[in-house]
Structures are given as C-alpha cells and as structure tokens.
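>>> When you get a sec, could you give me coordinates for this:
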Amino acid sequence: MKNLSLIILFLASFESFQLLASNPETTIDKSYTAKKFYFATWGDPGNATEDLKTLWMAKLANAGITDILPGGDAEQLKELIRIGNKYGIRVHAWHWMMNVGGAQECRDHPDWYSVNALGQSCRDYHPYVDYYSFLSPFSPGAREYVKKGVRELAKIKGLASVHFDYIRYVDVVLGADLQKKYKLNGKPLMQDRLLPEFDFDYHPLARKEFKEKFGVDPMDLPDKEENPAWKQFRMNAITSLVEECIQICHQEGTQASAAVFPFPELAREYVRQDWSHWSLDLFFPMAYKKDHQGNVNWVGFATKEGVRDIKPGAILFTGVATDDYGENMADFEEAIKQAHDNGAKGICFFHANALNEKHLNIIKQYDQLYNK
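Predicted structure coming up:
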C-alpha cells in the first residue's frame, strides 16, 4: 500500500515536474509586484524524501502557488527554500509565538506564563485543549524567549518571512461552531458572556503596571471583563512585542508576516489582538467561515475589513480553510473570487495536503485568469 501511494503521488506530479524542471532556477518575485494576485498555502510535505518533496513543490507551482508556509526546524526550512528556489516558490517559516505547548525551557520559568481572572496560570491550566500554554507579554523573560525564536528563524538565508502564529491571548470567545466541541466543568460550553476562565492576562506584572498608570488593580475593576482601558492595555502589550519582532526580522533581512483572526474588530473581541495597528509586511487573516457559522460571503467581508484597516503598503492574503468547502467546488471558487474582488493581494489555503486535483485545477484556472 505504501509503494502504491508513492507511485500515485509520482504519476500525479510527473507532468508538473516535467513542465517546471526545464527552468530549474526560476526567479522569485520578492516584492509581490510580478503578479496581480497570488496563491499560497500553509503546510509542508512532512518527512518525505527530497525527490518527493521536489515533486510536491513542483505540483503546487504548476497550479500557480507561489508561497508556502511550513513549520519545521532550520534544516528542514533550508531544504525547502533550496527546492522552492527552483520553482519560484517563496518559503515562510510558520512559527508559534505566545502558545508554546509543552516547551520545557518555558515550563522551567513559571513566571513567564499568562494568568486568567481566576488567578490560574496557563502553565498548569490549559483552556480548551491540552496544548494551550500561553506566555505573558508582560513577562520580560517570556518576551526574550519569543524574540529569540524569531531571531533564529530570521537568520535563515533566503527565507521569505518569519510567519507569526498564536501571537495573541487565549480565546476569550470561541466561534459559535467551535463552542459546540468543548465542555466547561463537564457541561456544554456556552460563552454567552465573558467567562473568567478564558479572560487573560492578569499576570502580576500586568496588574502592577496598570495600577501604577491608572491607580487601580484591574482585578478590582467592577467591569474588568469589558473595561476598554484594560482591554487596550493588554492588546498594547502584544502589539509592542510584535513590533520588536518585526524589527528583528528586518534587521536580519527578512520580512515579517502573521496569521491573524478574520478581521480587526473580531480579533480584538475574541483574542485581544489589535492587528490593524501592526507594521507587518504581510497579513494572513484566517477567514474560516465554518468556525463562525458564516457562508462564503464571510470571506469577502473579512477581506474588505482587513484591507481597509491595514497600513498602506502592507500586503494581505485572505486565509481560507479548504475543508470548509468539502466537495462544493462552486463555493471554493467563490471564495477565491471573494478574496480577489474585495482587495486581497492573494489567498492562502489551509492546508497544502488538503488540496486535491480539483482544487489545484481551479487554482490554476484563476491564476491564469487574474494574471494574464
């Protein structure tokens, strides 16, 4: 069965491999000016051989995909950059920021973690899922840890950007569909109000700094869940860390990008993420319609809101979840149109290995249509 899968992958990719291998040193457009509209995807080929990674990359390039956003360590990224250079594909380093999972270096520093309104540390209390372990942007040690990770990736030669993910707080509110998947204290989760279990960051240093500035401990605010100054104060802490990380990327000669929540107002309300004020080079808002019980028009709405609010000169790729569309290829096409028609510079699919031949053929069709 394993051999059969490899043969199928090889045959499916052979045509595109032949088409592109004749031009092994394709020039990569680093300024996003060569095309009117771009196609990208999160994901990677996994632990495949170099030959299979090459076929995988060639297949994506043949469909018109110019950017991939894989995870992986420095050596894995360097290999993908080398292969990507043959096919005109930029490689961005997909990097988790505030959510560190079970990273032992962080666990050795309990004071690095974010704290909720009940006083629970995210080191030991994991809201929603076991891998939710968020650091605090108010902890100097946590900030240095995050910046160190960015700096290590930014030094990789030929990298298109360090791509920030989980650069936010724990979800104060989940999308309506996502709420159905979780329980709280053994009962169905219902977030019809802001719950203290999910309201972060009451880190001691955050409380101290806020009290020094405003004369009150945020824990004592009668409206602490909704207090606008306390919300903005926390968002500003994330923003300042983002700006420091952007500076690191630029100093090392690469760009900075981020996966952010669907549009600025939702991002502020759901995860305390004020991304319309960030100086990123590229934004990838995740307009996953199914999470929010939206239809395909959700994609266009989120795109338009983001394009309107980002700083001049920044580039926006609308993120869509391929699985949201199932076999509904008409809606998959419509999502591409919605991103394009509402001002995005491109569209990014989550994730690469969910793109089948039907998807790739549609992408190729729209790449040719929009980039005549």
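>>> Please make it C-alpha for all contacts and neighbour counts, starting now.
Will do.
>>> Any idea how many residues pack against residue 109?
12 (other Cα atoms under 10 Å).
>>> Equivalent analysis for residue 220, please.
8.
>>> What separation is there between it and residue 205?
15 Å (Cα to Cα, to the nearest Å).
>>> One more: residue 142?
Distance of residue 142 to residue 205, computed by Cα to Cα: 12 Å.
>>> So for the two, which sits in the more crowded spot?
residue 142 (22 against 16).
>>> Show the contacting residues for that one.
106, 112-113, 135-136 (Cα atoms under 8 Å, 6 or more residues apart in numbering).
>>> quick one: pLDDT of it?
For residue 142, the pLDDT comes out at 98.
>>> Would you mind measuring from it to residue 241?
From residue 142 to residue 241 the distance is 10 Å (Cα to Cα).
>>> Residue 267 too?
Taken as Cα to Cα, the span from residue 267 to residue 241 is 17 Å.
>>> what does residue 119 give?
For residue 119, the distance to residue 241 equals 23 Å [Cα to Cα].
>>> now do residue 358
In terms of Cα to Cα, residue 358 sits 41 Å off from residue 241.
>>> Taking the centroid of the protein, which residue is nearest it?
With distances taken as Cα atoms, centre = their mean, residue 259 lies nearest the centre of the chain, 2.4 Å away.
>>> Which residue of this protein lies farthest from its centroid?
Max distance from the centre of the chain (Cα atoms, centre = their mean): residue 215, 36.4 Å.
>>> Next, the contact list for that one, please.
With the criterion set at Cα under 8 Å, 6+ apart, residue 215 makes contact with nothing.
>>> how about residue 283, secondary structure?
Classification of residue 283 using DSSP: H, G, I helix; E, B strand; the rest coil returns strand.
>>> Which residue ranges of the stretch 101-250 of the chain form helices?
Secondary structure of the stretch 101-250 of the chain by DSSP state H, counting those that start in this stretch: the helices cover 104-107, 140-154, 176-179, 204-214, 228-251.
>>> Comparing those by mean pLDDT, which bottoms out?
helix 176-179 has the lowest average pLDDT among the helices of the stretch 101-250 of the chain, namely a mean of 88.
>>> so who does the nearest residue to residue 140 once chain neighbours are set aside touch?
Leaving aside its sequence neighbours, residue 140 sits nearest to residue 112 (Cα to Cα, 6 or more residues apart in numbering; 7.8 Å). By Cα under 8 Å, 6+ apart, the contact list for residue 112 reads 106, 135-136, 139-142.
>>> Would you confirm that residue 275 contacts residue 265?
No: assessed by Cα atoms under 8 Å, residue 275 is found out of contact with residue 265, at 9.4 Å.
>>> Compare these two and say which is more crowded by neighbours.
residue 275 (28 against 17).
>>> What is the neighbour count of the residue nearest to that one when sequence neighbours are not counted?
Leaving out its chain neighbours, the residue that sits closest to residue 275 by Cα to Cα, 6+ apart is residue 264, at 6.3 Å. By other Cα under 10 Å, the residues close to residue 264 number 23.
>>> Quickly note the distance from residue 264 to residue 197.
23 Å.
>>> again, but for residue 175
Taking Cα to Cα, one finds residue 175 at 16 Å from residue 197.
>>> Okay, now stretch 188-198: how far is its last residue from its first?
Stretch 188-198: ends 15 Å apart by Cα to Cα.
>>> for that stretch, what is the average pLDDT?
Rounded mean pLDDT across stretch 188-198 is 94.
>>> Next: stretch 264-282.
97.
>>> now swap in stretch 72-91 and tell me
Rounded mean pLDDT across stretch 72-91 is 97.
>>> And that stretch, what's buried?
Neighbour-count burial for stretch 72-91 flags 72, 77-78, 80-91 (criterion: 16 or more other Cα atoms under 10 Å).
>>> Can you report how many residues neighbour the nearest residue to residue 295 once chain neighbours are set aside?
Nearest residue to residue 295, sequence neighbours excluded (Cα to Cα, 6+ apart): residue 289, at 6.1 Å. Neighbour count of residue 289, defined by other Cα under 10 Å: 22.
>>> so what's residue 289 up against?
Counting by Cα under 8 Å, 6+ apart, residue 289 makes contact with 295-296, 298-299, 320-321, 324.
>>> Just the ones of those in strands?
If you go by DSSP state E, those have 320-321 in strands.
>>> Would you convert the contacts of residue 289 into a markdown table that also reports neighbour count, pLDDT and distance to residue 101?
Putting the contacts of residue 289 into a markdown table (neighbours: other Cα atoms under 10 Å; pLDDT from 0 to 100; distance: Cα to Cα, whole Å) gives the following:
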| residue | neighbour count | pLDDT | distance to residue 101 |
| --- | --- | --- | --- |
| 295 | 14 | 91 | 32 |
| 296 | 21 | 96 | 32 |
| 298 | 20 | 94 | 30 |
| 299 | 27 | 97 | 30 |
| 320 | 28 | 98 | 24 |
| 321 | 21 | 97 | 23 |
| 324 | 17 | 94 | 26 |
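>>> ok, of the contacts of residue 289, which one's closest to residue 33?
Residue 33 lies nearest to residue 320 out of the contacts of residue 289, by Cα to Cα, at 22.5 Å.
>>> can you pull up the bridge partners for that closest one?
Beta-bridge partners of residue 320, counted by DSSP bridges, are residue 349.
>>> Please tell me how far it sits from residue 60.
If you measure residue 320 against residue 60 using Cα to Cα, the figure is 17 Å.
>>> Repeat that for residue 286.
21 Å.
>>> cool, residue 120 as well?
45 Å.
>>> same check, this time on residue 123
Distance from residue 123 to residue 60, by Cα to Cα: 39 Å.
>>> which of those two has more neighbours?
Remark: of residue 123 and residue 60, residue 60 carries more neighbours, 26 against 23, as counted by other Cα under 10 Å.
>>> Let me see the backbone angles for the more buried one.
phi -70, psi -40 (degrees, to the nearest 10).
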